[in-house]
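Student: following is a predicted model, sequence given first.
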Amino acid sequence: MSMKIESNKKIESIASQLLYHKKLYYTGRSMISDMEYDSLEDQLKKLSPNHPVLSLVGYQFEDSGKKISHHLPMLSLAKTYSIEDLFDFLNKNPSVAMDKLDGMALSIEYDENGKFLRASTRGNGKLGEDVTEHVYYITNIPKKLNIDKKWQGFHFEIRGEIYFPHSEFQNFQDRFDSFRNAVPGTLGRKDVEEAVDVLKVLHFCVYDLFVFDNKGNYLSAKEIPKYFDVPNNYLSKLNLTKKMGFEDNMNYVVDVTDIKNIDDLNLFIENWYKKSRDYQIDGIVFRFKDEILWENLGNTAHHPRGSLAFKQAGETAETEILEIEENVGRSGKITFRAKLKTVELSGAKISYATLHNAQFIEEGNYAVGSKVEIIRSGEVIPAIIRLIEPSKQSFILPKNCKCGYPLTRQGPDLMCLDNPSCNYKDQESLVYFISSLDIMGVSDKIVLKIREAGLVQEPADFYKLTVEDLIQIEGFAQKSSENVIAAIQNSKKIPLAKFLTSLGLKRGGAVKCQEVAKKCIHLKNVLKLKVEDLLEEKGWAQKSAEDFVESLKLKEKIIQNLLHYVEVIDDESGALIQSQSDHPYFGKNICITGSLSRPREEYKKILDTVGAKLVSAVSSKTDLLVCNEASSSSKYKDAIKHNVKIVNEEEFSSLL
Ligand SMILES: NC(=O)c1ccc[n+]([C@@H]2O[C@H](COP(=O)([O-])OP(=O)(O)OC[C@H]3O[C@@H](n4cnc5c(N)ncnc54)[C@H](O)[C@@H]3O)[C@@H](O)[C@H]2O)c1
Ligand SMILES: [Zn+2]
């Protein structure tokens, strides 16, 4: 074989490994450390500097929705692990340093009035996914910018990182396979309403601003200081975004012009990582301060030349797998974790690591006795990144669930699907049932203890518990047992929407269950639901409707058993709305001014019952103003101004 063919083979092998790991990484299942990945990339750079894989940005997901084409490409960053390289970079030009936030890049566009227009992800750098609807719910992204007079007529594009604060992630841990997957997973959801609670707690941090004039032409770094009356540097550009209403992010950015030698730089880096923060970083971004220079340096196909990310090799440790344990999730998905010979890693004693799913174990060839390398990567429990030495024995994936029923393979996962009342998946269902009912004084911990003692197999069993049962369990005293039992017994009247939510139905998040409750009013109608019925409603896709109806069927026995103990209260709001919707005042905004024959409170109550709203001021959104004579009140004037219909009390009440 000629040298050329040999080296081509090597190049293609590295390229295909890179593609493979990219895919795993961007779907939250990385199998190698960033350092190993980056060193593979370096090898390819040496062998074939122009290889197309090297200029791939991000990873294109299949089956994706609407695309937005970026005005300017959204690129990656050049990176280094070497202090010397970083020092050389800083010596070239005065720079700033900022956190390299480990979330996802977002582009957010505003129109010439400062109104939020649309948002997109980085995607492949040229085409991103449209996430406009998701962004409506992200609270620290302004939907209307504070626009100074001299900024009017310009369009703005803000770029930054959307990330999950650690303190918030704690509340949503069980919903995601991994921390890394949480943000892409949430922004990738097509049924946005199901993700609202997560979107509300995500944070956005700005790192760039682009300005376009009213013809859509890009305003260069040279022109910005002229139009906006700011000095030519990165910090003052960021300051503009702060004035526009973005959260103050200046504490992320530090001037590093006073670093004079390698020792200073080492100390600076060491201290940077010591700072406490409520989010994950995967490096430090250094960027030349001079904006005109930064722009003139331009980009490669992969990254801007005026920025450099410094990364630190994450601390890893070697250990041995002692046992492989499995857990059955609420959906029936089996997840695996390894019990390890305890080792210390970044100051913590580690005895467990995640093995994710069946595919991860197969591909990595992990088994009891394997020597492995583990890393802490911001996950709740550490991840295994590499097999150091295979075990003499191999691990045979379970054929059956712990409940005895056979498992089904679905892609990378094993699932327990055949046993509708699998006790093991109910272990999670039980906790979920109680926690979504919000029974005061009954925490998840208590539920697990009761479950471990074997006292409950399904939700209905909670209502059969007695004080005597609980006292037998370690940690329960007379008084606390009485409290728990009383709390459970007091939770027997459950509104329909809450009842449905607590069942943990597939696709049955709180918002969807509320819609179903409104539509069906009685539980017996819910139990008769067909896929077609759901498809009539907006926000239901074929697959989610099928999942919902099917999982409802699977829970039928659990529901029937529960009904011996609890009373499910009809959704009256739905019943009302059905009859109200024919009323002429339904959905109308009505305002009253001057004195009428009956107190305003009384009218408010009547209006409530027909589905109308009594508003306190007149705007273009008001449908009707009620008053007995022309007056000089501001409400009256506004009604004339906005062309709002004005009627007297008699006319008004004739329709009530
Ligand atoms: N372990 C693996 O298997 C594996 C696989 C693929 C990629 N990776 C890792 O992923 C990285 C490459 O991925 P990438 O291109 O998504 O990201 P990147 O590391 O090249 O960084 C670019 C991204 O950084 C983000 N960012 C955060 N803070 C920023 C700031 N202050 N200024 C500018 N940008 C900021 C932006 O989202 C931007 O898109 C590499 O570091 C690589 O090690 C690892
Ligand atoms: Zn099972």
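Tutor: The structure has been received and is ready for your questions. Ligands and ions are numbered 1, 2, ... in the order given.

Student: tell me where the stretch 251-400 of the chain has strands.
Tutor: 253-255, 281-288, 307-310, 316-328, 334-345, 348-356, 371-375, 383-389 (DSSP state E, counting those that start in this stretch).

Student: turn the ones you listed into TSV, including mean pLDDT, mean neighbour count and distance to Cys591.
Tutor: Where C-beta positions appear, they are placed from N, C-alpha and C, glycine not excepted. Output for the strands of the stretch 251-400 of the chain, formatted as TSV (pLDDT from 0 to 100; neighbours: other C-beta atoms under 10 Å; distance: least, C-beta to C-beta, whole Å):
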stretch	mean pLDDT	mean neighbour count	distance to Cys591
strand 253-255	91	16	48
strand 281-288	93	22	52
strand 307-310	97	22	55
strand 316-328	90	16	57
strand 334-345	87	17	56
strand 348-356	79	17	58
strand 371-375	90	21	62
strand 383-389	86	17	59
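
Student: out of those strands, which comes closest to ligand 2?
Tutor: When the strands of the stretch 251-400 of the chain are compared by C-beta to the ion, strand 316-328 sits nearest ligand 2, at 5.6 Å.

Student: what comes into contact with that closest one?
Tutor: Contact partners of strand 316-328, identified using C-beta atoms under 8 Å, 6 or more residues apart in numbering, comprise 33, 334-345, 350, 355, 361, 366-375, 385, 388, 391, 395, 398, 401-403, 416, 422, 424-425, 427-428.

Student: stretch 417-427 too?
Tutor: Against stretch 417-427 from outside (C-beta under 8 Å, 6+ apart): 328-332, 401-406, 408, 416, 448, 451, 457-458, 554-555, 557-558.

Student: that stretch and ligand 2, are they touching?
Tutor: Yes: Stretch 417-427 reaches ligand 2 (C-beta under 5 Å from the ion) through Asn419, Cys422.

Student: and the longest helix for this structure?
Tutor: Longest helix in the chain by number of residues (criterion: DSSP state H): helix 3-26.

Student: check whether Lys613 really touches Tyr585, as I assumed.
Tutor: No: with contacts counted by C-beta atoms under 8 Å, Lys613 stays clear of Tyr585, the gap being 9.4 Å.

Student: give the contact list for the spatially closest residue to Gly509 that is not a sequence neighbour.
Tutor: Ranked by C-beta to C-beta, 6 or more residues apart in numbering and with sequence neighbours excluded, the top spatial neighbour of Gly509 is Glu194, at 4.7 Å. Going by C-beta under 8 Å, 6+ apart, Glu194 touches Arg507, Gly509, Val511, Lys512.

Student: which strands or helices does the host helix or strand of the last one pack on?
Tutor: Put plainly, it is Lys512. Assigned by DSSP states H and E, Lys512 belongs to helix 510-520. The criterion is 3 or more C-beta pairs under 8 Å, 6 or more residues apart in numbering; DSSP states H and E, and the helices and strands that helix 510-520 contacts are helix 496-502, helix 523-527, helix 542-554, helix 572-580.

Student: rerun that using 6 Å as the cut-off
Tutor: helix 496-502 (3 or more C-beta pairs under 6 Å, 6 or more residues apart in numbering; DSSP states H and E).

Student: distance from the helix it packs on to the middle of the chain?
Tutor: Taking the mean of its C-alpha atoms, helix 496-502 sits 23 Å from the chain's own mean (C-alpha atoms, centre = their mean, to the nearest Å).

Student: same question for stretch 268-282.
Tutor: 23 Å.

Student: would you work out how far apart the start and end of it are?
Tutor: End-to-end distance for stretch 268-282: 16 Å, by C-alpha to C-alpha, to the nearest Å.

Student: hmm, who's touching the helix holding Lys512?
Tutor: Here helix 510-520 makes contact (C-beta atoms under 6 Å, 6 or more residues apart in numbering) with Glu193, Leu496, Ala497, Leu500, Thr501, Val526, Asp571, Gly574.

Student: now it and helix 542-554, what's the angle there?
Tutor: Orientation check (axes from the mean of the first three to the mean of the last three C-alpha atoms, to 10 degrees): helix 510-520 against helix 542-554 gives 80 degrees.

Student: re the thing from before, residues making contact with the longest helix of the chain?
Tutor: Helix 3-26 is contacted from outside by Ser30, Met31, Ile32, Tyr37, Leu40, Gln43, Leu44, Leu47, Ser48, Val53, Tyr59, using C-beta under 6 Å, 6+ apart.

Student: now do the first one, the pLDDT please.
Tutor: Reported pLDDT at Ser30 in the predicted model: 69.

Student: now Gln410
Tutor: 89.

Student: that one: neighbour count?
Tutor: 13 (other C-beta atoms under 10 Å).

Student: quick check on it: phi, psi?
Tutor: Per-residue torsions, Gln410: phi -130, psi 100 (degrees, to the nearest 10).

Student: in helices only, show me the contacts of helix 3-26.
Tutor: Those of the contacts of helix 3-26 lying in helices (DSSP H): Tyr37, Leu40, Gln43, Leu44, Leu47.

Student: quick one: contacts for the fourth one?
Tutor: Shown in contact with Leu44 (C-beta under 6 Å, 6+ apart): Ile14, His51.

Student: one more: Thr408?
Tutor: Counting by C-beta under 6 Å, 6+ apart, the residues that Thr408 touches are Met415, Leu417.

Student: one more pass at 10 Å, please.
Tutor: Gly332, Cys401, Leu414, Met415, Cys416, Leu417, Asp418 (C-beta atoms under 10 Å, 6 or more residues apart in numbering).

Student: now render those residues as a markdown table, adding neighbour count and secondary structure.
Tutor: As requested, these are exported to a markdown table (neighbours: other C-beta atoms under 10 Å; DSSP: H, G, I helix; E, B strand; the rest coil):
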| residue | neighbour count | secondary structure |
| --- | --- | --- |
| Gly332 | 26 | coil |
| Cys401 | 24 | coil |
| Leu414 | 25 | strand |
| Met415 | 19 | strand |
| Cys416 | 24 | coil |
| Leu417 | 18 | coil |
| Asp418 | 15 | coil |
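
Student: what's the farthest-apart pair in these?
Tutor: Leu414 and Asp418 (12.2 Å; C-beta to C-beta).

Student: what touches both of these two?
Tutor: By C-beta under 10 Å, 6+ apart, the residues touching both Leu414 and Asp418 are Gly332, Asn400, Cys401, Pro406, Leu407, Thr408.
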